[in-house]
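1. Predicted model, plus sequence, below.
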Amino acid sequence: MPIENTPAGELVLIVPNLHRRYSGVTATNRMVAPKLAKMFHAGWLGSHRPDGIDAIGLADLMRLWRRARPVIWHARRNDEMIVGLALRALGWPLKLLFTSAAQRHHTWLTRWLIRNQDAIIATSPLSASYLKRDATVVMHGVDTDRYAPPADRASAFAESGLPGRYAIGCFGRVRAQKGSDVFVEAMCRLLPRYPDFTAVIVGAVVPEQLAFANELKRKIEAAGLQSRIIITGELPIEDVVRWYQRLTIYAFTSRNEGFGLTLIEAMSAGAALVATRAGAAEFVVEDGTTGVLTPPGDVDALAAALEPLMRDPASAAVMGARARQRVVDKFSLDAEANAIAAVYRTLI
């Protein structure tokens with residue numbers, strides 16, 4: 001039966017996405033859910049539903065009450081765990097699963113919620129180490145067909161209309177946690193030495209970070225680099241993919257991170273990578289081969305790692321090709337979906 005025509009009574013999986021704001025958690029959920037919907041009768045509950053999985057609403061949910069067959073409720077946030085527990089207490093036949101990306105000690109509430117799940121997935125071994133219960137490690141994957149290298153990177157960059165011949169990028173919301181300030185500081189040092197490069201920050205400036213973003217813009221203006229350090233703001237996903245394909249180098253500058261999906265997106269698109277030791281970087285990047293690892297928040301270390309690649313774009317291209325192969329081999333979306341599906345099968 002086509003997934004778009006799946007009756008609520010045949011559902012095996014509910015994918016809740018109960019946050020209206022688009023986030024990294026939403027992005028990872030949107031990518032893998034359609035793959036899982038090809039393996040299980042699945043429904044998406046909430047905002048930002050991707051193509052390839054049915055929407056379910058309150059009426060569909062009501063029809064599941066006291067059904068004999070279990071339904072997996074796969075939460076990725078505390079509020080989704082709370083809703084799942086409440087529904088089960090009221091008679092919904094839910095098997096509760098939570099994916100944890102956090103790399104920190106959890107609050108008492110999160111610990112209690114985690115203890116009451118039927119199964120746990122962690123997105124890295126480090127995330128698993130904070131859970132204080134058994135978990136299956138399933139690292140995120142990326143659609144390697146969608147995030148593919150361009151046929152001609154020089155032409156892809158030229159289409160942007162930006163000065164120079166090469167792009168170096170840093171993607172994600174403009175804020176301190178993402179290290180946007182570290183990236184700007186490094187670019188203010190390096191771009192005057194490498195006139196063929198333009199730097200691009202692709203990401204939203206949310207209202208609560210406006211002062212932080214304005215301070216970055218003042219630094220850029222003081223350095224006279226307004227035309228060579230570009231902050232795009234939030235873009236449609238199709239445009240984000242195109243920006244990845246324009247990059248020769250990608251800088252992952254987060255101070256702390258759950259997983260850091262942009263790592264594998266940039267690698268999949270064939271960009272050379274310099275990454276802080278945050279999120280899953282140490283598990284994804286082979287230091288010196290498929291990328292270079294640096295300490296978080298360290299402008300000197302970031303600039304020192306980036307400069308050899310900016311000095312020799314041909315070597316950056318070779319590293320980018322190795323990074324692409326690493327993702328194809330180890331971090332495809334199919335690999336992630338198959339590993340999650342194996343956990344589902346233990347529950348049903």
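-> That came in fine, so what should we check first?

2. what helix or strand does the residue nearest to A156 when sequence neighbours are not counted sit in?
-> Computed as Cβ to Cβ, 6 or more residues apart in numbering, the closest residue to A156 that is not its neighbour in sequence is P150, at 4.2 Å. Yep, even glycine has a C-beta here, placed from its N, CA and C like the rest. Under DSSP states H and E, no helix or strand contains P150.

3. which SS class is V292?
-> Using DSSP: H, G, I helix; E, B strand; the rest coil, the structure places V292 in strand.

4. give me every residue that touches it.
-> Contact analysis of V292 by Cβ atoms under 8 Å, 6 or more residues apart in numbering lists L273, V274, A275, V285, A305, L309.

5. Swap in 10 Å and give it another go.
-> 272-275, 285, 301-302, 304-306, 308-309, 319 (Cβ atoms under 10 Å, 6 or more residues apart in numbering).

6. Isn't L58 up against L87?
-> No. Applying Cβ atoms under 10 Å as the test, L58 and L87 come out as separate, 11.6 Å apart.

7. Looking at the two, which is more packed in?
-> L87 (20 against 8; other Cβ atoms under 10 Å).

8. pLDDT at that one, what is it?
-> L87 carries a pLDDT value of 97.

9. quick one: the residue nearest to A156 from I168, how far?
-> Taking Cβ to Cβ, to the nearest Å as the measure, P150 falls 16 Å from I168.

10. Please tell me the pLDDT value assigned to I230.
-> 96.

11. Would you agree it falls within a strand?
-> Yes. The assignment for I230 is a strand, going by three-state DSSP.

12. mind checking how far the longest helix seen in the chain is from the chain centre?
-> Longest helix in the chain, counting residues (DSSP state H): helix 313-330. Averaging C-alpha positions (Cα atoms, centre = their mean, to the nearest Å) puts helix 313-330 19 Å from its chain's average.

13. which intervals of this structure have sub-threshold pLDDT?
-> 1-9 (pLDDT under 70).

14. Which parts of it are strands?
-> Along the chain, counting by DSSP state E, strands occupy 13-17, 42-46, 54-55, 71-75, 94-100, 119-122, 136-137, 166-171, 197-202, 229-233, 247-252, 272-276, 292-294.

15. Take those and lay them out in TSV including distance to A27.
-> Output for these, formatted as TSV (distance: least, Cβ to Cβ, whole Å):
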stretch	distance to A27
strand 13-17	11
strand 42-46	14
strand 54-55	18
strand 71-75	16
strand 94-100	13
strand 119-122	17
strand 136-137	20
strand 166-171	11
strand 197-202	13
strand 229-233	17
strand 247-252	15
strand 272-276	18
strand 292-294	23
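
16. Of all those strands, which one comes closest to A341?
-> strand 13-17 (9.6 Å; Cβ to Cβ).

17. ok, the closest one: who's next to it in the sheet?
-> Applying DSSP bridges to the sheet, strand 13-17 is found paired with strand 42-46 (parallel), strand 71-75 (parallel).

18. Give me the distance from it to the chain's centre.
-> Centroid displacement of strand 13-17 relative to its chain, using Cα atoms, centre = their mean, is 18 Å.

19. so it versus strand 94-100, what angle?
-> Interaxial angle, strand 13-17 versus strand 94-100 (axes from the mean of the first three to the mean of the last three Cα atoms, to 10 degrees): 50 degrees.

20. Export strand 13-17 to CSV, keeping only CA atoms.
-> Only the C-alpha atoms of strand 13-17 are listed here, as CSV (Å, rounded to 0.1, in the frame of the first residue of the first chain):
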residue,chain,number,x,y,z
LEU,A,13,5.4,4.5,13.6
ILE,A,14,4.6,8.0,14.7
VAL,A,15,7.3,10.6,14.2
PRO,A,16,6.4,13.6,16.4
ASN,A,17,7.9,17.0,15.6
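
21. correct me, but C170 touches V200?
-> Yes. Contact status for C170 versus V200: in contact at 7.6 Å, counting by Cβ under 10 Å.

22. Same drill for the two, tell me which one is more crowded.
-> Shown here are C170 and V200; by other Cβ under 10 Å, C170 has more neighbours (30 against 22).

23. Once you drop chain neighbours, what's closest to that one?
-> Excluding its sequence neighbours, the residue lying closest to C170 (Cβ to Cβ, 6+ apart) is F183, at 4.2 Å.

24. May I have the residues that are in contact with that neighbour?
-> By Cβ under 10 Å, 6+ apart, the contact set of F183 is 168-170, 172, 174, 199, 201, 216, 229, 251-253, 299, 302, 306.
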